[in-house]
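S.K.: no sequence on this one, just coordinates:
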């Protein structure tokens, strides 16, 4: 009888935990729907409920961290901030960092958790002292877990680029190129870093490769060709025939990393 009672008790406990996990997932899906509807308050509150129901799922923590950061950024755009608003922004930022760290703690071998933590810190580069060091450290950990991911190298290179640390930026962008030579974004970032450093010949070479990789009908192609023409003028080369118009490409910046 003792064994039977224990078995029934264990089954009941498992059913209870399974029910909580199921309800937490229902709440999480509701939060995603609220986010899609641009309802920040409902998203925020529903995520809190989901985490309270199942605090062991890192996915919930990542989404909650991003939500806090989005709400903080949205509130910060108000030109007439009050002291209470600044307090709320500080609280949201602290929660974003805390939950991003919690996600890593729950699943430290998941690359996207470290990537999310790095992105949170990266958003604070111009506002929080030491954010640059934490951003770099987080990306380095992510790279250690996923050494063949060129996008992580590009992201870290973008942090160095923002600090005007050209050699480190070039090293990371070149590493991204080495991992995936046909990735236009890596070539473009490399060209930009060479250009800022003043190595125009190398910048022309990387930007020419960028152009060769892009769809000729895209605005990205037009922008890259235009920048290539300007660089070729600097080194005395022949300017390409047509000058393109609109652009989508931008110089590498902390947020976002330029994409092609």
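M.R.: Looks like it came in fine. Treat the numbers as computed from the prediction; the structure is a model and nothing was measured. Numbering: from 1, shown residues only.
S.K.: pLDDT below threshold where in the stretch 101-250 of the chain?
M.R.: 237-250 (pLDDT under 70).
S.K.: what about the helices in it?
M.R.: In the stretch 101-250 of the chain, the helices defined using DSSP state H, counting those that start in this stretch lie at 111-122, 131-145, 150-162, 166-179, 184-197, 200-213, 219-234.
S.K.: For residue 67, find the nearest of those helices.
M.R.: When the helices of the stretch 101-250 of the chain are compared by CB to CB, helix 111-122 sits nearest residue 67, at 11.4 Å. Bear in mind the C-beta positions are built from the backbone N, C-alpha and C, glycine included.
S.K.: helices and strands around that closest one, which ones?
M.R.: Applying 3 or more CB pairs under 8 Å, 6 or more residues apart in numbering; DSSP states H and E, one finds that helix 111-122 makes contact with helix 58-76, helix 83-106, helix 131-145, helix 150-162.
S.K.: Would you tell me which one of those helices is buried the most?
M.R.: Highest mean neighbour count of the helices and strands packed on helix 111-122: helix 150-162, a mean of 24 (counted as mean count of other CB atoms under 10 Å).
S.K.: any idea which residue sits dead centre in the protein?
M.R.: residue 119 (4.4 Å; CA atoms, centre = their mean).
S.K.: how much space between that residue and residue 172?
M.R.: Going from residue 119 to residue 172 by CB to CB, to the nearest Å gives 16 Å.
S.K.: can you check residue 53 too?
M.R.: For residue 53, the distance to residue 172 - CB to CB - is 40 Å.
S.K.: Who has more neighbours out of these two?
M.R.: Remark: of residue 53 and residue 172, residue 172 carries more neighbours, 28 against 19, as counted by other CB atoms under 10 Å.
S.K.: Residue 151 is in contact with that one, correct?
M.R.: No - the criterion here is CB atoms under 8 Å, and residue 172 misses it with residue 151 at 11.1 Å.
S.K.: burial count for the closest residue to residue 235 other than its chain neighbours?
M.R.: Spatial nearest neighbour of residue 235, excluding adjacent residues (CB to CB, 6 or more residues apart in numbering): residue 200 at 4.9 Å. Residues near residue 200, counting by other CB under 10 Å, number 20.
S.K.: Residue 200: what's it in contact with?
M.R.: Residues near residue 200 by CB atoms under 8 Å, 6 or more residues apart in numbering: 194, 231, 234, 235.
S.K.: go with 7 Å
M.R.: Going by CB atoms under 7 Å, 6 or more residues apart in numbering, residue 200 touches 231, 234, 235.
S.K.: and the gap between the last one and residue 121?
M.R.: Distance from residue 235 to residue 121, counting by CB to CB: 38 Å.
S.K.: which secondary structure element contains residue 26?
M.R.: Assigned by DSSP states H and E, residue 26 falls within helix 2-36.
S.K.: still on that earlier bit, please tabulate the helices and strands packed on helix 111-122 in a markdown table and include distance to residue 37 as additional columns.
M.R.: Below are those laid out as a markdown table (distance: least, CB to CB, whole Å):
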| stretch | distance to residue 37 |
| --- | --- |
| helix 58-76 | 13 |
| helix 83-106 | 20 |
| helix 131-145 | 31 |
| helix 150-162 | 29 |
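S.K.: Tally up the residues packed near residue 180, please.
M.R.: Residue 180: 17 surrounding residues under other CB under 10 Å.
S.K.: Skipping adjacent residues, who's closest to it in space?
M.R.: residue 150 is the one closest to residue 180 (CB to CB, 6+ apart), at 4.4 Å.
S.K.: how close does the one you found get to residue 179?
M.R.: Distance of residue 150 to residue 179, given as CB to CB: 4 Å.
S.K.: And residue 142, by the same measure?
M.R.: Residue 142 sits 14 Å away from residue 179, going by CB to CB.
S.K.: contacting residues around the closest residue to residue 172 other than its chain neighbours?
M.R.: Excluding its sequence neighbours, the residue lying closest to residue 172 (CB to CB, 6+ apart) is residue 157, at 3.2 Å. The contact partners of residue 157, taken as CB under 7 Å, 6+ apart, are 169, 172, 173, 176, 189.
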